[in-house]
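Asker: Return a 3D structure for these sequence lines:
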Amino acid sequence: MNTQNQYTLKDILKLEVAPALGCTEPAAVALATAAASSLLDAGRITSIQLWLSANIYKNAFAVAIPGTDGATGIDLAAALGHTGGDATQRLQVLAPVTGDHITAARELIASGSVEVNLLKEAPTIYIKAAVSTAEHTATATIEHTHDNITELTLDDKPLAEHPLLASISDSKSSLAELEDFLRTQTFEQLITLVETMDEEDFEFIRQGVEYNLKLARHGLSFGPGLGIGKTLDRLVREGLIKKDMIQAARILTSAACDARMSGAKLPAMSSAGSGNHGLTAILPIWAVKNYINETSDHEALKAVALSHLVTGYIKSHTGRLSAVCGCSIAAGAGASAAITYLMGGNLNHIASAIKNLICDLAGCICDGAKASCAFKLATAAGSAVQSALFSLHGINVKESDGIIALSPEQTIKNTGELSTQGMIETDRTILKIMIEKTLTD
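Answerer: Numbers count the residues shown, from 1 in each chain. Predicted coordinates:
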């Protein structure tokens, strides 16, 4: 924690960028049940009960769980957290899961032991898991961020000290203060932070690139999920579309999303608490760098760092989860700013790129995490490149247009107001439609 309320690039990366296995919402559900289960001695589980905020419910509803051959379900994520999860691995909690764990989880669900409850009035990120045996009940509560365990109880008695509380909650305790700090920054100050990168920062950013490239390679090799990335690649091979900078970004980013949303057991490097944000913030930059003359990996890694900063900056205004697709608005804008920076654009060009992208994608809604997110990531990646190229050629959406303002900072504030205030009812309607579908199936 920086007592002077000033954050270095390293501070921000530590708080905003981390590996996540599978979609972060079912991972968070599994983390809660794994944490609660870790407080109990070996014994037959009689029940697992969950209470989830609307946005957690929405995003965990239909997305595949890693290592399960594409299986979905909040109840399955919860049961797997108990049968095979390791809470000390945070958002990679499901990494140890094997076929035996999956079988045991399905048996728990079939016995009616797993209950999922939707809390319509709760903080944006809220999960409470209660795991019971015949003798004891343990609970774990996650709030504010996907791996922030704020409370552990055993038989209704809070545990004041526990390694999970210390290693997870403490590491995230300054996130609200970080967001307060980010909201005060200008884009010039964010770029200045990037110029302070040291070798440790470069290595961390490179690790994130490698994580996300592995997901993209998996998607291109096997075409999982909807296979958007592999289909775009095949269209190029068939000569039906041309692979330029925009298509390269779309292919790489959507292929990674195909893999992740289908449950590939490969971690993504997340950004601002989301794996798909991480794919969008990183992969378009890596896709276009080979199209830019005399561009080194070193320069591209600096651009990726800027993308993470811009993504976090925008999420500090829009909120962690909302009715607005953050992959499009936040990570897409981050990637566009970074591509402009990588291509030698100045501060005005970067500002224009961000405004161009927000003008293009401001209406993109989030209707939960699922295979078809690959469509949105393809769109965001393509628009990120296009917005950067347009800015470098003088296109700059005027402040008279809709929610766009004179500065990118005010434009993002407007976007945040739209997201946090203007689309509350939209979010409720999306969830209502999703729930009604399950009742009629």
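Asker: Looks to me like Leu152 is in a strand.
Answerer: Yes. Counting by DSSP: H, G, I helix; E, B strand; the rest coil, Leu152 falls inside a strand.
Asker: who does it bridge with?
Answerer: Beta bridges link Leu152 to Ala140, judged by DSSP bridges.
Asker: got the contact list for it?
Answerer: Contact analysis of Leu152 by Cβ atoms under 8 Å, 6 or more residues apart in numbering lists Ala35, Ala36, Leu39, Ala138, Thr139, Ala140, Thr141, Pro158, Leu159, His162, Leu164, Leu165. (Each C-beta comes from the backbone N, C-alpha and C, glycine too.)
Asker: again, only using 7 Å
Answerer: Counting by Cβ atoms under 7 Å, 6 or more residues apart in numbering, Leu152 makes contact with Ala35, Leu39, Ala140, Leu159, His162, Leu164, Leu165.
Asker: burial count for Ile285?
Answerer: 31 (other Cβ atoms under 10 Å).
Asker: Quick check: it touching Lys302?
Answerer: No. Under the criterion of Cβ atoms under 7 Å, Ile285 makes no contact with Lys302, lying 9.9 Å away.
Asker: by contact count, what packs against whichever strand or helix holds Gln49?
Answerer: Counting by DSSP states H and E, the element that carries Gln49 is strand 45-53. Helices and strands touching strand 45-53, as assessed by 3 or more Cβ pairs under 7 Å, 6 or more residues apart in numbering; DSSP states H and E, comprise helix 74-84, strand 114-119, strand 126-133.
Asker: CSV for the contacts of Leu152, including neighbour count, secondary structure and distance to Leu309?
Answerer: Shown next, in CSV, are the contacts of Leu152 (neighbours: other Cβ atoms under 10 Å; DSSP: H, G, I helix; E, B strand; the rest coil; distance: Cβ to Cβ, whole Å):
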residue, neighbour count, secondary structure, distance to Leu309
Ala35, 28, helix, 31
Leu39, 20, coil, 38
Ala140, 29, strand, 31
Leu159, 14, coil, 36
His162, 19, coil, 33
Leu164, 21, helix, 29
Leu165, 19, helix, 29
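Asker: just curious, which of the residues you listed is nearest to Gln247?
Answerer: For the contacts of Leu152, the minimum distance to Gln247 (Cβ to Cβ) is 43.0 Å, reached by Ala35.
Asker: so what's that closest one up against?
Answerer: Contacts here follow Cβ under 7 Å, 6+ apart; on that basis Ala35 touches Ala87, Ala140, Ile149, Leu152, Leu164.
Asker: Kindly report the same for Gly67.
Answerer: Leu94, Val97, Gly263, Lys265.
Asker: Per-residue pLDDT of it, please?
Answerer: Gly67 carries a pLDDT value of 90.
Asker: Assign it to helix, strand or coil.
Answerer: For Gly67, the secondary-structure state derived from three-state DSSP is coil.
Asker: Which phi and psi values does it adopt?
Answerer: phi 80, psi 10 (degrees, to the nearest 10).
Asker: got the residue ranges for the strands in the protein?
Answerer: Remark: strands assigned in the chain by DSSP state E are 19-21, 45-53, 114-119, 126-133, 137-143, 149-154, 157-158, 267-269.
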